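Colleague: dropping a prediction and its sequence here:
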Amino acid sequence: MGRRRIANEIKMKKVALITGGARGIGFGIAQALARAGCDLVLCGMRAPAAVEEAVAPLRSSGVEVLYVRANIADSLARRDLVEAVRNRFGRLNLLINNAGIAPKIRADILDATEESFDEVLNTNLRGPYFLTQAVAKWMIEQRKADDAFWGCVINISSISAEVASINRGEYCISKAGVAMATKLWATRLGEFNIPVYEVRPGIIKTDMTSGVATKYDQLLSSGLTVQPRWGTPEDVGQAVAALARGDFPYSSGSVFMVDGGLSVQRL
């Protein structure tokens, strides 16, 4: 009876958990997955009332949306987040590790503090690493209960995983760690046919980049990227939606660049 119930639920909409899903890149991903018909669990640091205006259009598109206030750097908050998904939906198909922070002060690495390093690494690397651990165990349970189960993990990293910025070294190191975590989880979950992908955005116009908009406007106009424009959260969302549909079933562990050609070496 239990196996039949789970199989019937899996035929329903996919359920996607997006950390940091109510603003910026995360919200662009949420919009794309809502258009794809996924029910959504969004988590963030703001109070539910503060995100209601953003979440309302997603609900009006015909998908179910649950918002959970959670700090993924906190182990108890991660536990409660996963439990909230279990209680509401009873299943989870997609984990999109998107939540991340920049250092509060962009300090030269000669002057950067341990406090800033710990804060950024706890949110950007430690949090998603152990959230993936918890969700992976649940996905394996679902897979063992029914062969028809399909799930995947998508990590949102950054070109900063490879491009050095000496005034935010902790951020670069955190994203390089996410890149390796993608390979590790892809390797570990391969036997269960649960793919793990990395989406690596470039210069994306969000709240996080608003403080350096003038700098990047100038760099983009000077030819920093092959495609001479800012990236948008929608650009990242479309890439994630393709992976969430299962369009790349034989590409676990791969990196998908959404950077307008910034990473293309040119003479």
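Modeller: Received the coordinates, thanks.
Colleague: return the distance of the residue nearest to the spatial centre of the chain relative to Trp138.
Modeller: Closest residue to the average C-alpha location of the chain: Asn98 at 2.5 Å, with C-alpha atoms, centre = their mean. Asn98 sits 19 Å away from Trp138, going by C-beta to C-beta, to the nearest Å. Where C-beta positions appear, they are placed from N, C-alpha and C, glycine not excepted.
Colleague: please apply the same query to Arg46.
Modeller: Relative to Trp138, and taking C-beta to C-beta, Arg46 is found at 26 Å.
Colleague: higher neighbour count, the two?
Modeller: Set Arg46 next to Trp138 and count neighbours by other C-beta atoms under 10 Å: Trp138 wins out with 16 against 12.
Colleague: wait, doesn't the more buried one sit right on Leu81?
Modeller: No: the pair Trp138 / Leu81 is not scored as a contact, 11.8 Å apart, by C-beta atoms under 8 Å.
Colleague: next, give phi and psi for Leu17.
Modeller: phi -100, psi 120 (degrees, to the nearest 10).
Colleague: out of everything not next to it in sequence, what's closest to it?
Modeller: The spatial neighbour of Leu17 that comes closest, neighbours along the chain excluded (C-beta to C-beta, 6 or more residues apart in numbering), is Val41 at 4.4 Å.
Colleague: that neighbour belongs to a strand?
Modeller: Yes: remark: Val41 belongs to a strand, assigned using DSSP: H, G, I helix; E, B strand; the rest coil.
Colleague: and it, bridged to which residues?
Modeller: Counting by DSSP bridges, Val41 forms beta bridges with Leu17, Leu66.
Colleague: so it touches Ala22, yeah?
Modeller: No: using C-beta under 8 Å as the test, Val41 is too far from Ala22 to be in contact (11.0 Å).
Colleague: quick check: neighbours shared by those two?
Modeller: Listed as contacting both Val41 and Ala22 by C-beta atoms under 8 Å, 6 or more residues apart in numbering are Tyr67.
Colleague: from memory Ala179 sits against Ser157, does it?
Modeller: Yes: with contacts defined as C-beta under 8 Å, Ala179 counts as touching Ser157 at a distance of 5.5 Å.
Colleague: which one's more surrounded, these two?
Modeller: With neighbours defined as other C-beta under 10 Å, Ala179 and Ser157 compare such that Ser157 has more, 26 against 17.
Colleague: please name the nearest non-neighbouring residue to Ser263.
Modeller: Spatially, and ignoring its direct neighbours in sequence, Ser263 is nearest to Met257 (5.9 Å; C-beta to C-beta, 6+ apart).
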